[in-house]
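Asks: I'll drop the sequence and a predicted model, then ask my questions.
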Amino acid sequence: MHNVITLIVGVVSFGTLVLIHELGHFLFAIKANVHVSKFGIGMGPCIYKKVRNGIEYRIGLFPIGGYVEMPEETDHLPKGKIVFREASLFQKIKILMAGSVFNIIFGMILIFVVSLSLSTGFTTKIEAVGNEIALDNGYVIMANDTILQIDGINVDDYTDFIRQTAVLNEPKDVVVSREGKEVYLPGVRFGAPANSTEEASSYGVTFHIKEMSIPERINSGIKTFTMFGSLFLESITSIVSGEASIEQFTGPVGITKMIGESAQRSLSSYGMLFALIAINIGAINLMPLPALDGSRVVIAAIEKVSKKKIPHKAEEWIHSTGFLFLIGLLIVITFNDVINLVG
């Protein structure tokens with residue numbers, strides 16, 4: 001039963017992110033009077049179809065993607081409508097970027113909803129130290145220590161602590177306040193995070209809990225959003241530099257499992273993970289890679305500056321090649337997800 005609930009929550013959540021993304025493209029296309037023939041959510045066999053106002057709405061069996069079809073032919077064009085290529089550059093950019101922007105805004109809203117719903121929060125003062133925390137060179141973190149710095153970066157609150165310990169199992173140089181004095185502790189290895197944002201015991205230590213005011217909750221939401229953004233940029237950097245391997249990527253199967261499991265722990269844990277994935281999906285689609293929205297924005301800008309249209313077949317070849325590459329990558333990642341799921 002647990003696995004069934006996990007699957008249902010994960011599939012519905014992932015499908016929701018796809019719907020929000022495609023809805024952004026769709027609404028801005030309609031607003032720009034660009035002709036839309038199909039609005040689809042999901043891939044594979046069609047399980048639902050309805051035509052309304054000349055637009056075919058479809059739902060596919062597998063919620064791993066979606067599309068807004070805007071035909072380029074001008075034959076039988078509805079009155080008052082234009083094809084996408086006839087739209088202004090500004091209209092094209094708005095239509096192409098709307099999906100990603102909708103995902104990111106949705107993620108931001110989720111972060112602030114979760115942050116505002118939590119009346120209490122963790123401080124950086126340690127209440128107890130667990131057995132799972134590993135320390136090098138004999139240095140120890142003690143109860144009642146307050147963490148001030150990690151690797152030279154100030155830690156003003158618990159969000160800062162999470163940000164600086166995002167990479168697990170790496171030794172950290174920590175400065176704590178102990179009995180009114182600053183103490184330097186090199187080589188601290190924190191444990192794994194807790195399964196819930198509501199658990200005081202995490203990273204091998206137990207933190208003090210305090211009541212949070214509304215301004216503090218808002219500030220926590222802002223810092224969480226910026227933390228997610230910086231983690232995304234670091235992930236992209238590690239991919240480009242070759243530091244990240246294919247085994248570290250997570251596809252639809254893994255994401256569905258992660259979302260479903262987080263919902264089993266707590267609503268706040270689910271909300272934050274859901275927000276992180278929404279923001280990442282939005283940001284990834286803005287990248288100028290073939291088949292992604294970002295590359296279409298670049299092509300539209302090049303056409304405007306050069307005042308020359310890129311041949312339709314050439315553009316389709318670029319996106320088709322990129323799409324095939326992404327599908328191949330998705331298959332490999334999904335295979336790894338299934339192996340990890342079964343394992």
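Replies: Here it is on my side, so go on.

Asks: going forward, measure contacts and count neighbours with C-alpha atoms only.
Replies: OK.

Asks: contacting residues around the helix or strand where Arg58 lies?
Replies: With elements delineated by DSSP states H and E, Arg58 resides in strand 55-69, which encompasses its position. Applying CA atoms under 8 Å, 6 or more residues apart in numbering, the set of residues contacting strand 55-69 from outside is 11, 14-15, 18-19, 22, 25-26, 36-51, 252.

Asks: Next one: the residue lying closest to Glu303 once chain neighbours are set aside, what pLDDT does it get?
Replies: Taking CA to CA, 6 or more residues apart in numbering as the measure, Glu303 lies nearest to Lys309, with 5.4 Å between them; neighbours along the chain are not counted. The predicted local distance difference test score for Lys309 is 81.

Asks: Tell me, how many residues neighbour Lys309?
Replies: Residue neighbour count, defined by other CA atoms under 10 Å, stands at 13 for Lys309.

Asks: do the same with the one 5 residues further on
Replies: Residues lying near Ala314 (other CA under 10 Å) number 10.

Asks: do the same with the one 4 residues further on
Replies: Look at Ile318: counted by other CA under 10 Å, it has 15 neighbours.

Asks: tell me the average confidence for the strand holding Arg58?
Replies: Per-residue confidence for strand 55-69 averages out to 87 on the pLDDT scale.

Asks: Stretch 289-298 too?
Replies: For stretch 289-298, the mean per-residue pLDDT is 85.

Asks: before we move on, what about stretch 172-186?
Replies: Computed over stretch 172-186, the mean pLDDT rounds to 89.

Asks: Also stretch 13-33?
Replies: Averaged across stretch 13-33, the pLDDT comes to 92.

Asks: who's in contact with that stretch?
Replies: Applying CA under 8 Å, 6+ apart, the set of residues contacting stretch 13-33 from outside is 35-36, 39, 41-42, 63-68, 80-82, 87, 91, 94-103, 252, 255-256, 259, 274, 278, 282.

Asks: that older thread, can you dump the C-alpha coordinates of the strand holding Arg58 into CSV?
Replies: Listed in CSV are the C-alpha atoms of strand 55-69, where the atom choice follows Å, rounded to 0.1, in the frame of the first residue of the first chain:
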residue,chain,number,x,y,z
ILE,A,55,-7.9,23.2,-30.2
GLU,A,56,-7.4,19.5,-29.4
TYR,A,57,-6.7,18.7,-25.8
ARG,A,58,-5.0,15.4,-25.2
ILE,A,59,-3.7,13.4,-22.2
GLY,A,60,-1.1,10.7,-22.8
LEU,A,61,-0.7,7.6,-20.7
PHE,A,62,2.8,8.5,-19.4
PRO,A,63,3.1,11.9,-17.6
ILE,A,64,6.8,12.5,-18.6
GLY,A,65,6.3,15.4,-20.9
GLY,A,66,3.9,17.7,-22.8
TYR,A,67,3.6,19.9,-25.8
VAL,A,68,1.8,22.9,-27.3
GLU,A,69,1.5,22.5,-31.0
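
Asks: did I read that right, the residue nearest to Glu303 in a strand?
Replies: No: under DSSP: H, G, I helix; E, B strand; the rest coil, Lys309 falls outside any strand and is assigned coil.
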